[in-house]
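Engineer: Kindly generate the corresponding structure for this input.
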Amino acid sequence: MVNAVVLASASNDGKLAECDDAKYEALISIRGKPMVSYVLDVLRACKEIDMIILVCPREVSENICHSIPNLVVVEGPGKLLGNLNAGLARLDSDKPALIVAGDIPLLTCEAVNDLLAQAKAYPGELHFPVIRKEVCESKFPGIERTYLRISDGTVTSGNIVLTKPSALKACGKLLDQAIATRKKPWMMASVLGIRLIIKFLMKRLSIRDLEIRLESTTGVKARGLISNYPEIAFDVDKPKDLQYVQRILNN
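Structural biologist: As a prediction, this is how the structure comes out:
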């Protein structure tokens with residue numbers, strides 16, 4: 001079994017504020033239920049998940065069910081990396097933990113179990129899923145995602161990661177840069193060096209290239225996994241996303 005860290009501290013001060021006046025994105029209502037509750041419910045239902053660490057402001061924790069078993073609430077400093085570190089600090093640094101964004105309400109147990117199963121088959125210290133564009137568009141036609149064209153296909157990243165806390169600490173500055181450029185894939189490639197930039201421009205960049213580069217610069221053995229569950233890539237950050245999710249959950 002693995003523990004999970006759910007990140008739910010983002011302020012609702014962007015475009016989503018047009019749809020809901022909740023102070024935090026985690027509290028945006030979907031069918032009368034806070035968005036982050038959908039994520040927590042799925043993790044609770046996954047037999048492979050043990051303790052859940054919810055990193056969020058007090059106002060968020062006060063508006064969700066406190067009877068959730070094995071739930072630990074941690075107040076983070078507000079910034080993404082700081083929140084992540086605050087959650088992971090409560091866990092064994094050498095035991096893998098599942099990091100989950102609080103804004104993916106379509107998450108399923110099947111998607112989580114698939115990632116954990118692939119991680120067992122391909123051992124490493126950090127496992128990151130990617131989803132091919134055709135898989136996303138087949139399940140969610142018309143939805144807009146940020147894609148990166150590489151030799152393995154045109155892919156987008158998932159919003160869950162399986163990693164040892166010690167591995168993330170070793171990534172240090174590289175992780176900080178990756179977070180800062182996560183919505184700009186062309187800049188993400190540049191973080192990893194000139195050789196990979198050239199391969200990216202020539203459309204020869206591969207998942208294996210990223211794994212090798214990460215290990216050579218940080219010592220962390222990373223594994224990129226192809227997921228067939230586009231739910232993990234569907235984060236709600238625009239009104240169109242929220243409306244799309246509401247339609248799906250109303251069916």
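
Engineer: Which parts of the stretch 151-251 of the chain are helices?
Structural biologist: Along the stretch 151-251 of the chain, counting by DSSP state H, counting those that start in this stretch, helices occupy 165-180, 185-191, 194-201, 207-218, 239-250.

Engineer: I'd like those helices as CSV, with mean neighbour count and mean pLDDT appended.
Structural biologist: Every C-beta, even on glycine, is put in place using the N, C-alpha and C of the backbone. Below are the helices of the stretch 151-251 of the chain laid out as CSV (neighbours: other Cβ atoms under 10 Å; pLDDT from 0 to 100):
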stretch, mean neighbour count, mean pLDDT
helix 165-180, 17, 76
helix 185-191, 17, 58
helix 194-201, 14, 74
helix 207-218, 18, 90
helix 239-250, 16, 94
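
Engineer: Please compute how far stretch 57-65 lies from its chain's middle.
Structural biologist: In terms of Cα atoms, centre = their mean, to the nearest Å, the centre of stretch 57-65 is set 21 Å apart from its chain centre.

Engineer: Any chance you could list what contacts it?
Structural biologist: Surrounding stretch 57-65, the residues in contact under the criterion Cβ atoms under 8 Å, 6 or more residues apart in numbering are 8-9, 23-24, 26-27, 34, 36-37, 40, 54, 73, 75.

Engineer: Give me the nearest residue to G124, chain neighbours excluded.
Structural biologist: When the adjacent residues along the chain are set aside, G124 lies closest to R223, with 3.9 Å between them (Cβ to Cβ, 6 or more residues apart in numbering).

Engineer: residue contacts, that neighbour?
Structural biologist: 119, 122-124, 126-128, 211.

Engineer: these two touch, right, E231 and L107?
Structural biologist: Yes: the criterion here is Cβ atoms under 8 Å, and E231 meets it with L107 at 5.5 Å.
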